[in-house]
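Asker: Sequence and predicted structure below; questions after.
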Amino acid sequence: MTRVLILEPCPRTCRSIARVLTDSGMECVIVLTSGDALERLARGEADLLIMDVDLFRTETNLCLEELRQRGLEIPVLLLSGGHPRDSERDACAMACRWADALLIKPFESDDLLSTVRSILSTAPGSAHLQVTA
């Protein structure tokens with residue numbers, strides 16, 4: 001079973017993501033801090049990290065940098081609120097550097113699921129950035 005770690009500040013969004021992925025046969029764990037996420041990833045407790053960009057911009061960068069410095073080749077899906085244009089550009093730049101895909105909120109359940117499946121079907125380190133708006 002695919003294990004997905006979700007780090008997203010909005011409880012409603014967390015529940016929605018978890019419901020969609022759980023309904024498609026994945027196991028989801030919601031974490032509240034990037035430290036918790038890094039600990040679980042270091043223990044091999046997830047196959048994919050889904051992480052919000054906007055609220056934790058600095059923390060997100062540091063977490064993803066630490067993830068890569070530790071040599072953890074976990075696929076990453078970044079979520080962005082898609083508001084102001086500069087924020088969207090920053091999210092794209094961050095995603096290009098650290099992530100496998102960027103999904104702009106609001107998104108449809110089908111978009112989430114197809115993006116997750118696409119990331120998981122690609123070998124670590126060989127994914128091309130996929131942006132879904």
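Answerer: It's in.

Asker: residues contacting Asp36?
Answerer: Going by C-beta atoms under 8 Å, 6 or more residues apart in numbering, Asp36 touches Leu7. C-betas here are computed from N, CA, C, even on glycine.

Asker: ok so it is a strand residue?
Answerer: No: applying DSSP: H, G, I helix; E, B strand; the rest coil, one finds Asp36 to be helix, outside a strand.

Asker: so where's the protein uncertain?
Answerer: Residues of the chain that meet the criterion pLDDT under 70 lie in 54-61, 82-97, 123-133.

Asker: mind listing the strands for it?
Answerer: 3-7, 27-31, 48-52, 76-80, 101-104, 130-132 (DSSP state E).

Asker: could I get the ones you listed as JSON lines with distance to Arg117 and mean neighbour count?
Answerer: Listed next are these as JSON lines, based on distance: least, C-beta to C-beta, whole Å; neighbours: other C-beta atoms under 10 Å:
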{"stretch": "strand 3-7", "distance to Arg117": "12", "mean neighbour count": "21"}
{"stretch": "strand 27-31", "distance to Arg117": "15", "mean neighbour count": "17"}
{"stretch": "strand 48-52", "distance to Arg117": "10", "mean neighbour count": "24"}
{"stretch": "strand 76-80", "distance to Arg117": "11", "mean neighbour count": "25"}
{"stretch": "strand 101-104", "distance to Arg117": "11", "mean neighbour count": "22"}
{"stretch": "strand 130-132", "distance to Arg117": "11", "mean neighbour count": "16"}
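
Asker: Just send the ones you listed back as a markdown table, with distance to Ile17 too.
Answerer: Listed next are these as a markdown table, based on distance: least, C-beta to C-beta, whole Å:
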| stretch | distance to Ile17 |
| --- | --- |
| strand 3-7 | 6 |
| strand 27-31 | 7 |
| strand 48-52 | 6 |
| strand 76-80 | 8 |
| strand 101-104 | 10 |
| strand 130-132 | 14 |
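
Asker: nearest to Ala18, of the ones you listed?
Answerer: strand 27-31 (4.0 Å; C-beta to C-beta).

Asker: who's in contact with the closest one?
Answerer: Contacts of strand 27-31 (C-beta under 8 Å, 6+ apart): 1-8, 14, 17-18, 21-22, 37, 40, 45-46.
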